[in-house]
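>>> sequence plus the predicted model coming up.
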Amino acid sequence: PGNLGAAPPRLPFSRVTQEDLAFFKTLLPERTITDPDLLKSCNVDWLKTVEGNSEVLLRPKTTEEVSQILRYCNERNLAVCPQGGNTGLVGGSVPVFDEIILSTSLMNQVITFDNISGCVLENLSNYLEERDFIMPLDLGAKGSCHIGGNVSTNAGGLRLLRYGSLRGTVLGLEVVLADGRVLNCLATLRKDNTGYDLKQLFIGSEGTLGVITAVSILCPRKPRAVNVAFLGCSSFQQLLETFQCCRGMLGEILSAFEFLDASCMSLLKKHLKLTNPITESPFYIVIETAGSNAAHDEEKLHNFLEEVMSSSIALWSLRERITEALTHEGYTYKYDISLPVEKIYDLVQDMRGHLGGMAKNVVGYGHVGDGNLHLNITSPSKDPVLLAAIEPYVYEWTSEWKGSISAEHGLGLKKRNYIYYSKPSEAVALMGSIKAMLDPKGILNPYKTLPDHIH
Ligand code: FAD
Ligand code: MLT
Ligand code: ZN
């Protein structure tokens, strides 16, 4: 059926006029950017695979400014692309055509100990660590991504196994709706069953239902003892057995169980000069424990492992920098799949057989603890023949095993039309009704998340 991830035709939104610019410049003097050089990086995604053509970047500082922008755009029928750190991996964070880019980069205040939106994740982590707390999520993009972007994509990351998804740790949100109304659901309560939990609608909605302007989030205490171990496994079966054993023996202190295959290790070495600290193996595991009693945790870990301890930062780099290493190989086709954990590597092996010599690399890594595989396929440049061999094959395979075609990255532009592989048509239709109710003109992040026939 062709490349369903490609951009659809432009919808009939208004185009930005001189009067519109005058309005924005009055509202946001110095923070209405039209210089093409400054706009360039905001028009291209992190992977450099999707490029828009926006001529205006707005950088509000307050919720009231976001509200005025959206009220105006809604009246004028101007499309808007909300943007955080622009680290999204599915083409959701950049305009497809000339949508106005609404950046949260200046909405970076820690209002109290809790309410935040455009804050860079790593800055928040540092802020909290000084106060003996941590963020309940951690990802390789922490130096750039924003908490508002994380919530909008419902990002998973490296600690989900321990602290759960943002659907549980986000206690409240402030959201500006398409028509400028401000929805204040910024609760900080652990329990609140007063009717529908509206904030859940915005978590993972990828900027299509509202702009998140503040977040309150439940932060765990900083663990007193953190240990990281790096292991090699001779087969995926052995890796799975190690996972089961690990769960049993480490129990509540296990905070991450991540894997990479030997192909990832070669790329880390080739492009980033990272060295393998242990004997070469077909698979590698990064295990992290986080507990309150160092002696107890270490004893547990030592009982469990004939481990190789080294600097935990160096060990984590081997897992966190795979995404970066892959970008040096040319064009990367990225798949982010949830499956029953015992099936996850079958997909990588099956894909290698299916593609034969067509791809440069077919690699697997991901979050074993969450049954989440990152299957990445590279080629020297964009290759429509390769793409046609991968899609919809990869989605059919996933659907057959009742998996999710997007475990944690969202659908964005690239995967919007494949939603039916993971969601029944009744559910997609209901999503369409919700979108129509909250954003009747469809100005918020058009062409993203929902399949084309719904926009
Ligand atoms: P952007 O990329 O700017 O935007 C992402 C989406 O959210 C877009 O659709 C955008 O329109 C929307 N959006 C952004 N801000 C707002 C807002 N305030 N209100 C409404 N909508 C908004 N993801 C994972 O789940 N787990 C990982 O482990 C992980 N690791 C990564 C590692 C690397 C090296 C990279 C580059 C990416 C990784 N990602 C991961 C992908 C990614 O989704 C996250 O990086 C992150 O959550 C995106 O945040 P951002 O601020 O960059 O958002
Ligand atoms: C990861 O787990 O490393 C991220 O989700 C990024 C990626 O999939 O490359
Ligand atoms: Zn991931």
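Okay, I see it. Because the structure is a prediction, the values reported are computed rather than measured. Numbers count the residues shown, from 1 in each chain. Ligands and ions are numbered 1, 2, ... in the order given.
>>> when you work out contacts or count neighbours from here on, use the C-alpha atoms and nothing else.
OK.
>>> show me which residues of the stretch 301-450 of the chain are close to ligand 1?
T323, E408, H409, G412 (Cα under 6 Å from any ligand atom).
>>> ok, the second one touching S152?
No - taking Cα atoms under 8 Å as the definition, E408 is not a contact partner of S152, at 11.0 Å.
>>> so what sits against both of those two?
Residues touching both E408 and S152 (Cα atoms under 8 Å, 6 or more residues apart in numbering): none.
>>> show me which of the two is the more surrounded one.
The neighbour comparison of E408 against S152 (other Cα atoms under 10 Å) goes to S152, with 26 against 18.
>>> let me know whether that one touches L209 as I believe.
No - shown here, S152 and L209 do not form a contact pair, counting by Cα under 8 Å, at 9.7 Å.
>>> can you tell me which helix or strand of this structure has the lowest average pLDDT?
Here the helix or strand of the chain ranked lowest by mean pLDDT, DSSP states H and E is strand 115-116, holding a mean of 52.
>>> could you look up the next helix or strand downstream of that one?
helix 121-129 (DSSP states H and E).
>>> what's the helix or strand following that following helix packed up against?
Moving toward the C-terminus from helix 121-129, the next helix or strand (DSSP H and E) is helix 147-153. Contact analysis of helix 147-153 by 3 or more Cα pairs under 8 Å, 6 or more residues apart in numbering; DSSP states H and E lists strand 211-217 as its packing neighbours.
>>> which stretch of helix or strand covers D350?
Using DSSP H and E, D350 falls in helix 344-355.
>>> that helix: which residues count as buried?
Residues of helix 344-355 classed as buried: I344, Y345, L347, V348, M351, R352 (neighbour count, 16 or more other Cα atoms under 10 Å).
>>> of all pairs in those, which one is the farthest apart?
I344 and R352 (13.6 Å; Cα to Cα).
>>> where does the residue nearest to E280 when sequence neighbours are not counted sit: helix, strand or coil?
Among residues not flanking E280 along the chain, G232 sits closest, at 7.3 Å (Cα to Cα, 6 or more residues apart in numbering). Here G232 is recorded as strand under DSSP: H, G, I helix; E, B strand; the rest coil.
>>> okay, G232 and L375: tell me how far apart.
20 Å (Cα to Cα, to the nearest Å).
>>> for the residue of the stretch 151-300 of the chain found nearest ligand 2, which non-adjacent residue is closest in space?
Proximity of the stretch 151-300 of the chain to ligand 2 (Cα to the nearest ligand atom) peaks at G157, 5.8 Å away. In space, and not counting its chain neighbours, G157 is closest to L139: 4.9 Å by Cα to Cα, 6+ apart.
>>> return the per-residue confidence for the one you found.
L139 is assigned 96 on the pLDDT scale.
>>> same question for K300.
80.
>>> how about residues contacting the host helix or strand of it?
Element membership for K300, per DSSP H and E: helix 294-304. Defining contact as Cα under 8 Å, 6+ apart, one finds that helix 294-304 is touched by R224, A225, V226, N227, C246, M249, L250, I253, T289, A290, G291.
>>> mind doing that once more with 7 Å?
Here helix 294-304 makes contact (Cα atoms under 7 Å, 6 or more residues apart in numbering) with R224, A225, M249, L250, G291.
>>> show me where the stretch 351-455 of the chain has its helices.
384-390, 393-400, 425-438 (DSSP state H, counting those that start in this stretch).
>>> CA atoms only: put the shortest one into PDB for me.
It refers to helix 384-390. Extracted C-alpha coordinates of helix 384-390, given in PDB (Å, rounded to 0.1, in the frame of the first residue of the first chain):
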ATOM      1  CA  PRO A 384      12.200   2.900  -0.500                       C
ATOM      2  CA  VAL A 385      12.800  -0.700  -1.600                       C
ATOM      3  CA  LEU A 386      14.100  -1.600   1.800                       C
ATOM      4  CA  LEU A 387      11.300   0.200   3.500                       C
ATOM      5  CA  ALA A 388       8.700  -1.700   1.400                       C
ATOM      6  CA  ALA A 389      10.400  -5.000   2.600                       C
ATOM      7  CA  ILE A 390      10.200  -3.900   6.200                       C
END
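>>> contacts for that helix, please.
So helix 384-390 is in contact with L355, M358, going by Cα under 7 Å, 6+ apart.
>>> what's around the residue in the stretch 251-400 of the chain that ligand 2 sits nearest to, how many residues?
Nearest residue of the stretch 251-400 of the chain to ligand 2, counting by Cα to the nearest ligand atom: T323, 4.1 Å away. As a burial measure, T323 scores 20 neighbours (other Cα under 10 Å).
>>> part of a helix, is it?
Yes - T323 forms part of a helix when assessed by three-state DSSP.
>>> much appreciated, bye for now.
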